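1. From the sequence below, what's the structure:
(6 chains)
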There are 4 protein chains.
Amino acid sequence: MVGSGIAAPARRQRRDGALRREAVLDAGLEVFSTVGLHGASLDQIAVRAGLSKTNLLYYFRTKEDLYVAVLRRVLDVWLDPLQALDAESEPAEALRRYIRSKITLSRDAPRASRLFCLEIVQGAPLLRAELEGPLRALVEAKAAVLRGWIADGRIAPHDPRHLVFAIWAVTQHYADFAVQVEAITGRDLSDEDFFEQTVESTQRLILASLGLT
Amino acid sequence: MVGSGIAAPARRQRRDGALRREAVLDAGLEVFSTVGLHGASLDQIAVRAGLSKTNLLYYFRTKEDLYVAVLRRVLDVWLDPLQALDAESEPAEALRRYIRSKITLSRDAPRASRLFCLEIVQGAPLLRAELEGPLRALVEAKAAVLRGWIADGRIAPHDPRHLVFAIWAVTQHYADFAVQVEAITGRDLSDEDFFEQTVESTQRLILASLGLT
Amino acid sequence: MVGSGIAAPARRQRRDGALRREAVLDAGLEVFSTVGLHGASLDQIAVRAGLSKTNLLYYFRTKEDLYVAVLRRVLDVWLDPLQALDAESEPAEALRRYIRSKITLSRDAPRASRLFCLEIVQGAPLLRAELEGPLRALVEAKAAVLRGWIADGRIAPHDPRHLVFAIWAVTQHYADFAVQVEAITGRDLSDEDFFEQTVESTQRLILASLGLT
Amino acid sequence: MVGSGIAAPARRQRRDGALRREAVLDAGLEVFSTVGLHGASLDQIAVRAGLSKTNLLYYFRTKEDLYVAVLRRVLDVWLDPLQALDAESEPAEALRRYIRSKITLSRDAPRASRLFCLEIVQGAPLLRAELEGPLRALVEAKAAVLRGWIADGRIAPHDPRHLVFAIWAVTQHYADFAVQVEAITGRDLSDEDFFEQTVESTQRLILASLGLT
DNA sequence: TATGAATGAGCCTTCATTCAT
DNA sequence: AATGAATGAAGGCTCATTCAT
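-> Coordinates of the predicted model:
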């Protein structure tokens, strides 16, 4: 009983600690994706996360540490949908699903998309290793799938890597260039009709070039 | 001849002034597109432009003034190719040309593309007006052209604005996400083969979805 | 005892903090009263207060904040003696005491007097509110006292506000124009004889015009 | 005729030059008296004087040079009325005239008064010599006059230097502390009634203490 | 785990002044 | 006599980081 009495707070604290870490990561994503690494101040992030700057530095020793942690969390989410693209499915169906999931991500996690975009555009000084390692491998694996489909005559021939780039470019565009899209169309992905329009338009674009449908 | 001898220095100076301004704008583009507005220091830019920070501030009263000047110059270049897309050409030909010119721009002015991208991704606080005004109007005009072609049965029906977004997204991707493209393919647009591959891939993508070829 | 042993450092620190704040205010008064708001540099003040410029800015977020804080502290001291002038005393005695206390202040707090003077002369951009509010009210209250004495025939009629101005002007002159006084007489209020001379001269001046003695 | 044709512009120019110098001195007085030496910028003064900063520096090689020139011009005006106080007049009449002329100056040249005040309060680093030389001599001369009157039994005995200080203090107060006076009374010397009130009040104050009237 | 205090580096900007014309 | 260009010094302020508790 006594032991439990002592342990309880510790456990609660540890759980709280994890929660606060999450809160900081969330706040970091919010701020970094809006003003970039250099435009963000720890104070700003701390306030948003509901703790003091000094305390924030207890969880992440350095501004850059925090930035990398945020980025890494984003990257994981980012690679996920591509992994789901598998060789056994029907090509049209698999690609349709992948495109939809990417655009869904653009709608639900636009900040993550933007932070990723900012980082890459600025030369990805902190991410280059990840790009040349795991990402490259993953793309190669999926490119092999596409090449298989081409070899089997199930889709028209098209350089698979350019295809992947095109899918990424178009789907992420609706998150990254949201202000521009909105300035021109007056709408964004949170509008259900517009969301569906975007999905269909992108699916048709990709599938048509592969001779599907 | 004598008059010219006297006038020369004055004229030279004025020309020098303009040249230095240009040099500053160039340096600004280089630095801002790499580290963003907040990551850039005036010292850095000044050194790159070959003058002192104080002297730089003689040309641009404020860091933000310089930033906006750089941005405005980019924007002008950016809108240019779209304006060349005209109704009188053959649709396939016009689109092929537009795509090629955009990718050429991505190869020759990648920094401009990236700076533009950074600004938009961060919400375009300084550019929103331009986006909602001139850009929107230009896109509407070109969308009308595309709708005309659709009405005439010359291209398959496709929402023209999504089409424009797709072209922008894919063509600019090769500038904005160049590190990623390079990490995955090991090549970039300065490689002539890769450049042509990219142009063809993108042209096929767009044209296929419009039932051309 | 043990508790006190633990609490001590914390208490000491807090006290230290207050002390440092005081030190900064003192240094600020010294510097501001000598070279004015714009002539003062934070570095100068920080050195005099025995801390770093950055640390100074931890206590006062802004140069102007510090200036206002210094000024407000001066103002409080400044209004004090007038409040002591009360209706129940003998007029001659009350006025004599007031004049002496003002000149004493000029001797003991000449910097405060000078800072106040500088601020007013420059149009009191930061103090106007205080002047039109509390100060005006206080003067009106005391003017009423003087008018009462006049109505009772205890002092000769004289516009009470001009009388107050005259007292202020003359008594503060020995602090504000001390260099001039010294250049002409070779003496200042720290000289006890000169101090008494000044007090008597001023008392006679004011009292004579009210028909007292 | 030809010679005159050439000389004319030169003469005009020289006259213009003197005028511009005056304009700069005026502008300098205006600005310095409002924000002090350190608060003033040459640009500000140049704009007010209607020329460029660089051109201003042609007339006054240095900011401090300009400041001293402004100050010196003020000082001349400042000493003038005291010189007019002569032994041959009736004491009461002479003092009345002197007080009136000082208050008139406070009304018509308040900026000069304030600049002089600012300088003295800050320790007169640039004026000390003038104070200890000419000013001291002048005051001594006039003190001798007053001592003569005292010796002749024409005025009651009173330390003449304190008397002079009192006159200066009170009369200049209405220029230097004008904001305070206005905050409390709602009026200033440009109001004719208030002006006369002030003159009379001050005259009575001084004369009463000398047993006159 | 949490925080108040303290610090040093760096940055944008202002400004008096100089140079060249 | 006048001016545009250029510069160096200094200043206020922000910020990530460290210290001590």
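2. ends of stretch A:121-141, how far apart?
-> Across its full length, stretch A:121-141 reaches 25 Å between end residues, using CA to CA, to the nearest Å.
3. Contacts (any at all) between DNA strand F and it?
-> No. Against DNA strand F, stretch A:121-141 shows no contacts by CB under 7 Å from any atom of the strand, the least distance being 13.4 Å. In this view, the C-beta of every residue, glycine as well, is placed from N, C-alpha and C.
4. Pull the distance from that stretch to the chain's centre.
-> From the chain centre to the centre of stretch A:121-141 is a distance of 13 Å (CA atoms, centre = their mean, to the nearest Å).
5. tally of neighbours for A:Leu95?
-> Residues within reach of A:Leu95, counting by other CB atoms under 10 Å in any protein chain shown, total 22.
6. Give me the nearest residue to it, chain neighbours excluded.
-> In this structure, A:Leu95 finds its nearest non-sequential neighbour in A:Ile206, 6.0 Å apart by CB to CB, 6 or more residues apart in numbering or on different chains.
7. The one you found is in contact with A:Tyr98, isn't it?
-> No. Contact criterion CB atoms under 8 Å: A:Ile206 and A:Tyr98 do not qualify, at 9.1 Å.
8. Quick check: neighbours shared by those two?
-> Listed as contacting both A:Ile206 and A:Tyr98 by CB atoms under 8 Å, 6 or more residues apart in numbering or on different chains are A:Ile167.
9. who has more neighbours, these two?
-> Each of A:Ile206 and A:Tyr98 has its neighbours counted (other CB under 10 Å); A:Ile206 has more, 25 against 21.
10. From B:Leu205, how far off is that one?
-> 8 Å (CB to CB, to the nearest Å).
11. Residues that sit against both of these two, list them.
-> Contact with both A:Ile206 and B:Leu205 is made by residues A:Ala166, according to CB under 8 Å, 6+ apart.
12. Break down chain A into its helices, ranges please.
-> Using DSSP state H, the helices of chain A run over residues A:2-39, A:42-49, A:53-59, A:63-83, A:91-108, A:110-121, A:128-130, A:136-151, A:160-176, A:178-185, A:192-209.
13. Could you dump those into TSV with mean pLDDT added?
-> Below are the helices of chain A laid out as TSV (pLDDT from 0 to 100):
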stretch	mean pLDDT
helix A:2-39	77
helix A:42-49	97
helix A:53-59	97
helix A:63-83	91
helix A:91-108	96
helix A:110-121	97
helix A:128-130	86
helix A:136-151	94
helix A:160-176	97
helix A:178-185	96
helix A:192-209	97
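14. Can you read off the pLDDT for A:Met1?
-> pLDDT, A:Met1: 41.
15. A:Leu126 too?
-> Reported pLDDT for A:Leu126: 81.
16. Count the residues that sit near the nearest residue to it once chain neighbours are set aside.
-> Once flanking residues are discounted, A:Leu126 sits nearest to A:Val68: 5.6 Å by CB to CB, 6+ apart. Neighbours of A:Val68 under the rule other CB under 10 Å: 16.
17. In this model A:Ala129 seems to touch A:Val68, though I could be wrong.
-> No. Using CB under 8 Å, A:Val68 is not in contact with A:Ala129; the gap is 11.2 Å.
18. close to DNA strand F, is stretch A:23-31?
-> No. Contact of stretch A:23-31 with DNA strand F (CB under 7 Å from any atom of the strand) is absent, the minimum separation being 9.7 Å.
19. and the nearest residue to A:Phe194 once chain neighbours are set aside, how many neighbours?
-> Excluding the flanking residues, the one nearest A:Phe194 by CB to CB, 6+ apart is A:Arg187, at 4.3 Å. A:Arg187 sits with 15 neighbouring residues when counted by other CB under 10 Å.
20. Tell me how far A:Arg187 lies from chain C.
-> Separation of A:Arg187 from chain C (CB to the nearest CB, to the nearest Å): 43 Å.
21. How about A:Gly133?
-> Using CB to the nearest CB, A:Gly133 is found at 42 Å from chain C.
22. Which pLDDT value goes with that residue?
-> For A:Gly133, the pLDDT comes out at 88.
23. Neighbours of it, how many?
-> Neighbour tally, A:Gly133, other CB under 10 Å: 11.
24. The residue nearest in space to the middle of chain A - nearest residue in space that isn't next to it in sequence?
-> The centroid of chain A falls nearest to A:Trp78 when counting by CA atoms, centre = their mean (3.5 Å). Counting by CB to CB, 6+ apart, A:Trp78 lies nearest to A:Phe116, which is 6.0 Å off, once chain neighbours are set aside.
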